[in-house]
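Asks: only the shape, not the letters, is given here:
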């Protein structure tokens, strides 16, 4: 890790002094990140978990997976919503994200991940993003202060700094490592192993829990690789040298991402998805371009990169410090390959984020696979912000080294003067501005101009001046970042999700105590979050972005409660006359029971049978379901669980075919007599994906070890 962070391999730079400096930098970034999000790390009054998607879906998913980890099981199937769905296939739970496994292994409180653990989980995601971007800047020979600035710009502002969803943050923080290893290929530094590591880092994005940012990253990387292989003037046959590196990148990415991609494709072909249009879409139906147009960043949001509060669908704000230094890097160092590379990254990410306002975006949407399913082009602005962060580090390094800064200082003075003039005009007209964020930015611009003028007054003669200047620039950036810090919700609101969950615990206790196998439904207006997943009780319902198509087809049908055993309803009023109240919660909600609904387990005979069949549930776990059956005659035993390709069945230890009963649930054929039926979720897509992922990791390790051995054998080669 030290070599990756310091970007060097020489013995002199890998000394203990460099190691301590690196450790100090990481601890500094941790302190800055924890301090920036002090409302989560110190205060107990705020939370990021009050966003609807976070409370409804994300927190219940994380809790369920943590409980399964503590039970010694890998959570592959979620039986607690809509009769059951494959967990990994939905992508967003992040089941195969190794960083999530650390969270799942943490101690639980009453079956749930403690709120403070979830807060530190979120903060540490940002810290990792800062560390990875710091590593990228150091690998480009930026100094420590410049690299600290670059890492902080990426982690504390813009898309990463203002995004709530941890699964989207997880997919974003790997971008600096993708670019770090691509830049090494670009420089010709261990190109084979660096290309493999580039593919591995991109694969980690796809394993992280959301597909949108990884898809746009893959599009950008495709363009950068095309430029590297075919577009650089290095001779007619240069592409023959670079093409194997690209193929290595593609191979490792394809192999390592298979553990997530294959289950997602399998589930996607069996499901419908809500994607911004009134009716859900099937796998073979494209997300309409109108949805992409709606969720574009749009050109009018570009000033929001330096003026807080101007944004649409994604926050682009990085501040005047970052943008000034990035432009300085472009102006002062355009001849440097790294500057041109990250200028291309920044511009490419911004153009993708503009969506409908970028003329070529429709062509990309129509021709590049999977882009149409990434319906939120505004999220691609995170790519632009990585580029800006790296350019800002390079710009600060150039100015600290004594490069001319007059044009930067003049530009800052003009910018701040214009902003302050607007505020003065509003004051003269007695009009109150929407906010004073722009005034703060203008003041920071004036201070930055003064620092840069002082920093370059005696170029290259005072190392102490350069260090102090770097620290002052960092402080000015923090002032900007704090001014535009994300807003967090309070716990003590009466309408908070936290208060709602607390007040409804007695409902979960009552349902857990009820005998037999059953499911329940809720009034979504009273319990909007995934109650069943959160408490580990089987619910027919829940907030989801996708659902098995078979289940979706039978929603609202008269036979649905019987098929899935929906015996209870949680609401203020019953949904039919047969339901009777059996429990009242302190929240005011009641639990109603429908006496007509039994266990969702029954037999079907091809002809009348004179005897009675006996069925008993022996084991009921998310991935294992065992039944004892005493059949008076030959027939089928049908269980009220959705049919899905990954399930396997054994009768008396012999593998049998699972039948699709009533077009939605599953059953098996039995002869007369006593039998034991055992269902197990063994998804071939997951097993094949895991094997391919292991192969990709092995290939990467072999290439890395081979290149490292070559450097040791020939340190000057």
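Replies: Alright, I've got the coordinates. All values reported here derive from a predicted model rather than from experimental measurement.

Asks: next SSE after the lowest-mean-pLDDT helix or strand in the chain?
Replies: Here the helix or strand of the chain ranked lowest by mean pLDDT, DSSP states H and E is helix 2-6, holding a mean of 43. Counting by DSSP states H and E, the next helix or strand C-terminal to helix 2-6 is helix 16-36.

Asks: regarding the chain, what is its longest helix?
Replies: The residue-count maximum for a helix in the chain (DSSP state H) belongs to helix 238-270.

Asks: pLDDT on that helix, on average?
Replies: In this model, helix 238-270 has a mean pLDDT of 92.

Asks: show me which residues of it are buried.
Replies: 242, 245-246, 248-249, 251-253, 255-264, 266-268, 270 (16 or more other CB atoms under 10 Å). Bear in mind the C-beta positions are built from the backbone N, C-alpha and C, glycine included.

Asks: and if you look at stretch 356-376?
Replies: Applying 16+ other CB under 10 Å to stretch 356-376 flags 356, 357, 358, 361, 364, 365, 371, 372, 373, 374, 375, 376 as buried.

Asks: filter those residues down to the ones in helices?
Replies: 361, 364, 365.

Asks: which of the residues you listed sits closest to residue 704?
Replies: residue 364 (32.6 Å; CB to CB).

Asks: test my guess that that closest one contacts residue 218.
Replies: No: using CB atoms under 8 Å, residue 364 is not in contact with residue 218; the gap is 11.4 Å.

Asks: pLDDT weak spots in the stretch 1-150 of the chain?
Replies: 1-15 (pLDDT under 70).

Asks: what's the domain layout of the chain?
Replies: 286-487, 601-682 (automatic domain parsing).

Asks: and these: which comes nearest residue 593?
Replies: Across these, closest to residue 593 is domain 601-682 (CB to CB), at 17.2 Å.

Asks: check the residue lying farthest from the centre of the chain and give its pLDDT.
Replies: Note on the chain: the largest C-alpha distance from the chain mean falls to residue 610, namely 56.8 Å (CA atoms, centre = their mean). Note for residue 610: predicted pLDDT of 81.

Asks: again with residue 444
Replies: Looking at residue 444, the pLDDT reads 83.

Asks: now swap in the one 3 residues further on and tell me
Replies: Here the pLDDT value assigned to residue 447 is 85.

Asks: wait, it sits on residue 477?
Replies: No: if you go by CB under 8 Å, residue 447 and residue 477 don't touch, sitting 10.9 Å apart.

Asks: who has more neighbours, those two?
Replies: For residue 447 versus residue 477, neighbours defined as other CB atoms under 10 Å are more numerous around residue 477 (26 against 18).

Asks: tilt between the helix or strand hosting that one and helix 16-36?
Replies: Using DSSP H and E, residue 477 maps to helix 463-483. Relative orientation of helix 463-483 and helix 16-36, computed by axes from the mean of the first three to the mean of the last three CA atoms, to 10 degrees: 30 degrees.

Asks: I'd like the average pLDDT over helix 463-483.
Replies: Helix 463-483 comes out at a mean pLDDT of 85.

Asks: what does it rub up against?
Replies: 32, 36, 143, 145-146, 148-149, 152-153, 156-157, 161, 308, 319-322, 325, 396, 399-401, 437, 440-441, 444, 447-448, 451-452, 454-455, 458 (CB atoms under 8 Å, 6 or more residues apart in numbering).

Asks: I'd like to know which of those are part of helices.
Replies: Counting by DSSP H, those contribute 32, 36, 145-146, 148-149, 152-153, 156, 161, 320-322, 325, 396, 399-400, 437, 440-441, 444, 447-448, 451-452, 454-455 to helices.

Asks: report the buried members of those residues.
Replies: 32, 36, 145-146, 148-149, 152-153, 156, 161, 320-322, 325, 396, 399-400, 437, 440-441, 444, 447-448, 451-452, 455.

Asks: quick check: residue 414 vs residue 695, distance?
Replies: 56 Å (CB to CB, to the nearest Å).

Asks: more neighbours: these two, which one.
Replies: Shown here are residue 414 and residue 695; by other CB under 10 Å, residue 695 has more neighbours (15 against 12).

Asks: residue contacts, that one?
Replies: residue 255.

Asks: quick one, phi/psi of it?
Replies: Residue 695 has phi and psi values of phi -60, psi -40 when expressed as degrees, to the nearest 10.

Asks: for it, give me the pLDDT.
Replies: Reported pLDDT for residue 695: 97.

Asks: gap between it and residue 205?
Replies: From residue 695 over to residue 205 the distance is 19 Å, taken as CB to CB.

Asks: go on, residue 307?
Replies: Taken as CB to CB, the span from residue 307 to residue 205 is 30 Å.

Asks: more neighbours, those two?
Replies: residue 205 (27 against 20).

Asks: that one contacts residue 169, correct?
Replies: No: the criterion here is CB under 8 Å, and residue 205 misses it with residue 169 at 11.4 Å.

Asks: point out where the stretch 351-500 of the chain drops to low pLDDT.
Replies: For the stretch 351-500 of the chain (pLDDT under 70), the answer is 401-407, 412, 415-417, 419-420, 422-437, 457-463.

Asks: strands of the stretch 1-150 of the chain, start to end?
Replies: For the stretch 1-150 of the chain, the strands defined by DSSP state E, counting those that start in this stretch occupy 46-47, 77-78, 85-86.

Asks: buried residues in stretch 510-518, which are they?
Replies: In stretch 510-518, counting by 16+ other CB under 10 Å, buried: 510, 511, 517, 518.

Asks: contacts only, for the closest residue to residue 510 other than its chain neighbours.
Replies: With CB to CB, 6 or more residues apart in numbering as the measure, residue 583 is the residue that lies nearest to residue 510, at 4.7 Å, once sequence neighbours are left out. Applying CB under 8 Å, 6+ apart to residue 583 gives the contacts 507, 510, 590, 591.

Asks: residue 583: which element?
Replies: Per DSSP H and E: strand 580-584 holds residue 583.

Asks: what segments of the stretch 551-700 of the chain are strands?
Replies: For the stretch 551-700 of the chain, the strands defined by DSSP E, counting those that start in this stretch cover 566-571, 580-584, 590-593, 601-604, 614-620, 624-631, 635-642, 647-651, 654-656, 659-661, 665-670, 673-681.

Asks: can you list the ones you listed in JSON lines and add distance to residue 196 and mean pLDDT?
Replies: Shown next, in JSON lines, are the strands of the stretch 551-700 of the chain (distance: least, CB to CB, whole Å; pLDDT from 0 to 100):
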{"stretch": "strand 566-571", "distance to residue 196": "50", "mean pLDDT": "97"}
{"stretch": "strand 580-584", "distance to residue 196": "58", "mean pLDDT": "96"}
{"stretch": "strand 590-593", "distance to residue 196": "56", "mean pLDDT": "97"}
{"stretch": "strand 601-604", "distance to residue 196": "50", "mean pLDDT": "94"}
{"stretch": "strand 614-620", "distance to residue 196": "43", "mean pLDDT": "95"}
{"stretch": "strand 624-631", "distance to residue 196": "38", "mean pLDDT": "96"}
{"stretch": "strand 635-642", "distance to residue 196": "39", "mean pLDDT": "96"}
{"stretch": "strand 647-651", "distance to residue 196": "35", "mean pLDDT": "97"}
{"stretch": "strand 654-656", "distance to residue 196": "39", "mean pLDDT": "96"}
{"stretch": "strand 659-661", "distance to residue 196": "43", "mean pLDDT": "94"}
{"stretch": "strand 665-670", "distance to residue 196": "42", "mean pLDDT": "96"}
{"stretch": "strand 673-681", "distance to residue 196": "32", "mean pLDDT": "96"}
